[in-house]
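Q: Prediction below, plus the sequence it came from.
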Amino acid sequence: MKKVLETIKAIFFTIWLIIGFLGVVIVYGSYVLIKANILEKRKGHKVSQEYIRKVVSWFGKVTFKFLNSKISVHGEENIPQQGPYVVVANHQSLFDIPLILGYIYPTAFIAKKELSMIPILGNFIKRLGSIFIDRNNSKSGAIALKKFAKISQSGEIITIFPEGTRSLDGQVGEFKKGALLIPFRYNIKLLPVTIDGTIKMSKKGSVFIKPSNVNLFIHEPVEPKLFASEGELRECLKSIISENITSEPQLALKETRA
């Protein structure tokens, strides 16, 4: 009986989210994109981008407030004051993206092509300068690496999920070979981030969404030049990120209500 009640609750919560998505993302998001285009024509690309980043950061935090989920932030002081740097995070859920946007920085992402097709939301992710990979196109990965190198060297901030896909059990999977090749080759600072708890909100393959307590651990930046190879760098980052994955949320060193 308890399981049935939990399922009914999850159904209603998911419906509530869909209604909110239509209201906030579709309606307000359309307005923001129109305003951003006007700002770009009148005041230039930089002003338009600053406006987009401000709205996206707000949206990232509001998402969790709307979902009645508490975010506990650990190590916020480790976020560099400016780029370039690459955020390297584990991947538990689709909610990892708004989490990073709201609580670290509204960065560009390296993401699968399907994400760009989400109405309005996909447009925002594109506007941030994100790189999309088509898994059905063998050349897509090589093109993405070139774009990644260009963006990183220009001083921008970008986020990657080196596992390549969402975790099924919340644990950190193996990092894809070459995932950190560009930061290693050009010695671009890396910011390891552990996400713990978004999998309880939305598991891969499930249509239901539930509230949850989420821990966000922001570790000290890592300098690639201190490592002999990209493989060694990958193993180090995976070890750092894996340390804070827990079955139960830990007591936060710093807590903020989304």
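A: On my side now, so go ahead. All figures in this text were calculated on a predicted structure; none of them were measured in a lab.
Q: Check the separation of the first and last residues in stretch 84-92.
A: 25 Å (Cα to Cα, to the nearest Å).
Q: so how far is it from its chain's centroid?
A: Offset of stretch 84-92 from its chain centre (Cα atoms, centre = their mean, to the nearest Å): 7 Å.
Q: Same question for stretch 85-99.
A: Worked out by Cα atoms, centre = their mean, stretch 85-99 lies 3 Å from the chain centre.
Q: Excluding chain neighbours, what is closest to residue 168?
A: residue 204 (5.9 Å; Cβ to Cβ, 6 or more residues apart in numbering). C-betas here are computed from N, CA, C, even on glycine.
Q: Give me the neighbour count for the one you found.
A: 14 (other Cβ atoms under 10 Å).
Q: need the contact list for it.
A: Going by Cβ atoms under 8 Å, 6 or more residues apart in numbering, residue 204 touches 93, 165, 166, 167, 168.
Q: likewise residue 200?
A: Residue 200 sits next to 210, 212 when contact means Cβ under 8 Å, 6+ apart.
Q: between the contacts of residue 204, which is closest to residue 219?
A: Closest approach to residue 219 among those (Cβ to Cβ): residue 167, at 18.3 Å.
Q: Correct me if wrong, but the closest one is in a strand.
A: No: secondary structure of residue 167 (DSSP: H, G, I helix; E, B strand; the rest coil): coil, not part of a strand.
Q: and it, what does it touch?
A: Applying Cβ under 8 Å, 6+ apart, the residues near residue 167 are 90, 91, 92, 173, 199, 204.
Q: how about 7 Å then?
A: Residue 167 makes contact with 90, 91, 92, 173, 199, according to Cβ atoms under 7 Å, 6 or more residues apart in numbering.
Q: How about the helix or strand hosting residue 147, which residues are buried there?
A: Following DSSP states H and E, one finds residue 147 within helix 140-153. Within helix 140-153, the residues that count as buried by 16 or more other Cβ atoms under 10 Å are 140, 144, 145, 147, 148, 149, 151, 152.
Q: Let me have those residues in CSV, adding distance to residue 124 as columns.
A: Listed next are those as CSV, based on distance: Cβ to Cβ, whole Å:
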residue, distance to residue 124
140, 21
144, 19
145, 24
147, 18
148, 20
149, 24
151, 17
152, 21
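Q: And the contacts of the helix holding residue 147?
A: Against helix 140-153 from outside (Cβ under 7 Å, 6+ apart): 84, 86, 108, 110, 129, 131, 133-134, 158, 182-183, 186, 188.
Q: what mean pLDDT does it have?
A: Here helix 140-153 scores 79 as its mean pLDDT.
Q: Could you find the closest non-adjacent residue to residue 116?
A: Closest residue to residue 116 apart from its sequence neighbours, by Cβ to Cβ, 6+ apart: residue 122 at 4.4 Å.
Q: ok, now residue 176?
A: residue 164 (4.7 Å).
Q: Which residue is the nearest non-sequential neighbour of the residue nearest the centre of the chain?
A: Nearest to the mean C-alpha position of the chain, by Cα atoms, centre = their mean, lies residue 97 at 2.8 Å. Ranked by Cβ to Cβ, 6+ apart and with sequence neighbours excluded, the top spatial neighbour of residue 97 is residue 109, at 6.7 Å.
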